[in-house]
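Participant: how does the following fold in three dimensions:
(2 chains)
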Amino acid sequence: MPGQVGLIQATEVIKLILKKGKPLIGQFLIYNSLEVEFRLFPVQKNPSCPLCNEEPKIKELEDYREVCGLESRSQAAA
Amino acid sequence: MSEKTKKLFWQVAGPLLRRALKEKHKDISEISIQEVNRLIKKGEKMVLLDVREKEELSLGYLKDSIFIPRATLPEKAETLLPDKNEPIIVYCAAGVRSLLAAKTLKEMGYSDVSSMREGIEGWKKAGYEVASNSGLTSQQLSRYSRHILLQEVGAEGQAKLLQAKVLLVGAGGLGCPTALYLAAAGVGTLGIIDDDRVDLTNLQRQILHRTSDVGRPKTESAKEAIARINPDVKVITYAERLTSDNAIKIFEEYDIIVDGSDNFPTKYLVNDAAFFAKKPFVFGGVFQFEGQASVFSPGNGGPCLRCLFPEPPPPGLVPS
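Facilitator: Numbering: from 1, shown residues only, chains lettered A, B, ... in the order given. The predicted model follows:
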């Protein structure tokens, strides 16, 4: 499973470098391997995004472990 | 058959067909690449005639060649090659088309024609230099020839790949296949940041690492695996954790950031640091049998990860 996703990422990298085709910018891909289903959702800039809107709440990097309440390194699926 | 398929066909079936054709056209003389090299070095007066199609020339050619695609020989040869007694060495990719071209020229009255055995691909394989407009070496023109023949890539695109700098966050399940393909494709600089060591339980999916790598830093094992695939690639390793203190400084050194991390804190850190460093961020995620991918590039008008999910999930809700 991570293989397929990693190769989609590699392909996107190459497209970005070559400036060819339509990148996954503004689109969110979900791949379900059990159902062999690729679904592409359009996603848009959020005007109230805490990071990338014009008056952002987040102005610098935070301490991310604390925010998520997780140890940074987990042994999860990826 | 499309033009592309045809070209590929000639390259693969070349040596076999050449043998069959040679049998049929015994009267056409062939010359070895070594002999051609010797004659060129000696400064022998002769014509080097390249009979490949125009788009194949980006794969490199012999210096001072004359270019006449094989199909146009009957109409163009007499204008471009007025002296029918001058020695002519014909070449193509693998030595098949040149054999047929040599036959055509003979029939047109050219007296001293020979076909270069194994063609320009054999020439490159033998380690001789070719001329090219792309700045790629002979070796690179061969290694990336399947890219270069693609209209969307070409020698120019390959040069761009070789100049690109891509950072992989994590050399795990996602980072390994990404690294393998980017390295094989000739992305010139790959940065890898991972503070973990190879564990036996990683090997079922983290395909850069081998059984004998268990216990070694993933960055080391990844660097060696990449060097085995493609020595063109420069690998920069960071055997450390990505943190708020080092992220932006490291990201600034690269053109594109690829997230291969396995946890939300890192994904949000990558998202925010990529935003501040103004770099596109190629997102990837896997949970059991489902995978996700996207490219977050607010600088190009697109959303970022926080546009979709403003905050990381609260503690306790996250499967690990």
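Participant: for the closest residue to residue B:213 other than its chain neighbours, helix, strand, or coil?
Facilitator: Computed as C-beta to C-beta, 6 or more residues apart in numbering or on different chains, the closest residue to residue B:213 that is not its neighbour in sequence is residue B:221, at 4.0 Å. No exception for glycine: its C-beta is placed from N, CA and C like everyone else's. What DSSP: H, G, I helix; E, B strand; the rest coil gives for residue B:221 is helix.
Participant: run a quick check on residue B:221 versus residue B:209, I expect a contact.
Facilitator: Yes - contact status for residue B:221 versus residue B:209: in contact at 4.7 Å, counting by C-beta atoms under 8 Å.
Participant: between these two, which contacts overlap?
Facilitator: Common neighbours of residue B:221 and residue B:209, using C-beta atoms under 8 Å, 6 or more residues apart in numbering or on different chains, are B:171, B:198.
Participant: state the distance from the residue of chain A positioned farthest from its centre to chain B.
Facilitator: What lies farthest from the middle of chain A is residue A:55; by C-alpha atoms, centre = their mean that is 22.4 Å. Distance, residue A:55 to chain B, by C-beta to the nearest C-beta, to the nearest Å: 14 Å.
Participant: output the lowest mean pLDDT helix or strand found in the chain.
Facilitator: You didn't pick a chain, so chain A it is. Taking mean pLDDT, DSSP states H and E as the measure, chain A has helix A:64-68 as its least confident helix or strand, at a mean of 67.
Participant: could you do chain B instead?
Facilitator: Per-SSE averages on chain B (mean pLDDT, DSSP H and E): minimum helix B:3-24, a mean of 72.
Participant: counting by contacts, list what that one packs against.
Facilitator: Packing partners of helix B:3-24 (3 or more C-beta pairs under 8 Å, 6 or more residues apart in numbering or on different chains; DSSP states H and E): helix B:97-107, helix B:119-125.
Participant: which among those helices is found nearest to chain A?
Facilitator: Between chain A and the helices and strands packed on helix B:3-24, the tightest spacing by C-beta to the nearest C-beta is seen for helix B:119-125, at 23.7 Å.
Participant: what's stretch A:44-52 in contact with?
Facilitator: Residues contacting stretch A:44-52 (C-beta under 8 Å, 6+ apart): A:26, A:53, A:56-58, B:271-272, B:275, B:298, B:301-304, B:306-308, B:310-311.
Participant: at 7 Å what do you get?
Facilitator: Stretch A:44-52 is contacted by residues A:26, A:53, A:56-58, B:272, B:275, B:298, B:302-304, B:306-307, B:310 when judged by C-beta atoms under 7 Å, 6 or more residues apart in numbering or on different chains.
Participant: averaged pLDDT, it. What do you get?
Facilitator: Mean per-residue pLDDT for stretch A:44-52: 92.
Participant: how far out from the middle of the chain is stretch B:188-205?
Facilitator: 23 Å (C-alpha atoms, centre = their mean, to the nearest Å).
Participant: contacts only, for the residue nearest to residue B:213.
Facilitator: B:198, B:208, B:209, B:213.
Participant: which residues in chain B form strands?
Facilitator: B:29-31, B:47-50, B:66-67, B:88-91, B:113-116, B:165-169, B:189-193, B:234-238, B:256-259, B:281-287, B:290-296 (DSSP state E).
Participant: mean neighbour count and mean pLDDT added to those, as CSV?
Facilitator: Formatted as CSV, those follow (neighbours: other C-beta atoms under 10 Å in any protein chain shown; pLDDT from 0 to 100):
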stretch, mean neighbour count, mean pLDDT
strand B:29-31, 15, 93
strand B:47-50, 22, 96
strand B:66-67, 16, 94
strand B:88-91, 28, 96
strand B:113-116, 25, 96
strand B:165-169, 25, 98
strand B:189-193, 23, 98
strand B:234-238, 16, 98
strand B:256-259, 28, 98
strand B:281-287, 25, 95
strand B:290-296, 24, 96
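Participant: of these, which approaches residue B:204 most closely?
Facilitator: Taking C-beta to C-beta as the measure, the strands of chain B were each checked against residue B:204, and strand B:281-287 came out nearest at 13.1 Å.
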